[in-house]
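Student: sequence? don't have it. structure:
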């Protein structure tokens, strides 16, 4: 009988996120593990190194929650809707305390995850030629090719203590299915010591087996499965709900003002027991405004022996 790895978000964070850990939070444009970030804040984790290819609102919130002392990323910003006030205060003015920031390109971060997943000592890439990044990040180095006289840039592996990703669905054993933008979630999971998958819904084994090519992350790489509907808000989950553009536009103003940011955190994170309460507080009328219509994918015939 296959193991049942399901647990609550509170249990998963308590079990797998420790003070001082390196925590990867991945999801590109959609399926951002926001609810997991909120639970890390509620549980008061400290001195975390957060690895996120596109450091956005959830990172700003983790900073405001006092959870993060080091950030590893290739992009910081409010997803084309503005800025991240808490992150800027820490990087530009060390207010209320400094933030160590290790910067790479998008491709550099992908290469770090690939090296980590494959347990390689480094990963080569060409895209830093002519860039200023090597001058500000000493971890970006050059090595001699063993096949020519060429010197080529390399980046080190990243092996998080825990990776947390959001996805559309998984079975109880952890076979995780993603469609739409798949991002770097699978590589981030394989690179980590432990992995928590947060999903919109836990489904029966037969659902996963009926469409195996959507299984981006296999069960053997997963340590916990958390069912958390609408857990990617304000980002979107393809096929479940749309992006909350109004929230993204509002966040710049919220995070720019430290007092207003503290009030938002007090009401929406510390003032809610869990993500279900956060969802209920927004109300069904709100969620109806983010509803999506159907755009069904046709079934395919995988074939079997007669």
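Tutor: That came through fine. What you see is a predicted model, and the numbers here were worked out from it, not measured in a lab.

Student: quick one: the strands in the chain?
Tutor: Secondary structure of the chain, counting by DSSP state E: strands at 22-26, 48-51, 68-73, 100-103, 123-125, 141-144, 151-155, 162-170, 176-177, 194-202, 215-217, 224-227.

Student: how about residues contacting the first one?
Tutor: Think strand 22-26. By Cβ atoms under 8 Å, 6 or more residues apart in numbering, the surrounding residues in contact with strand 22-26 are 17, 32-33, 36-37, 40, 48-53, 58-59, 158-165, 183-185, 188, 191-192. Placement of C-beta: from N, CA and C, glycine included.

Student: that one vs strand 162-170, what angle?
Tutor: With axes from the mean of the first three to the mean of the last three Cα atoms, to 10 degrees as the criterion, the two stretches strand 22-26 and strand 162-170 enclose an angle of 30 degrees.

Student: neighbouring strands for strand 22-26, and are they parallel or not?
Tutor: For strand 22-26, sheet partners with direction are given as strand 48-51 (parallel), strand 162-170 (parallel), following DSSP bridges.

Student: most tightly packed of these?
Tutor: Ranked by average neighbour count under the criterion mean count of other Cβ atoms under 10 Å, the strands paired with strand 22-26 are headed by strand 162-170 at a mean of 27.

Student: okay, the angle between it and strand 194-202?
Tutor: Taking the same axes, to 10 degrees, one finds that strand 162-170 is oriented at 20 degrees with respect to strand 194-202.

Student: against residue 235, how distant is residue 33?
Tutor: From residue 33 over to residue 235 the distance is 9 Å, taken as Cβ to Cβ, to the nearest Å.

Student: tell me which of these two has more neighbours.
Tutor: With neighbours defined as other Cβ atoms under 10 Å, residue 33 and residue 235 compare such that residue 33 has more, 30 against 25.

Student: partner residues bridging the spatially closest residue to that one that is not a sequence neighbour?
Tutor: Taking Cβ to Cβ, 6 or more residues apart in numbering as the measure, residue 33 lies nearest to residue 166, with 4.3 Å between them; neighbours along the chain are not counted. Using DSSP bridges, the beta-bridge partners of residue 166 come out as residue 198.

Student: could you measure from residue 166 over to residue 12?
Tutor: 12 Å.
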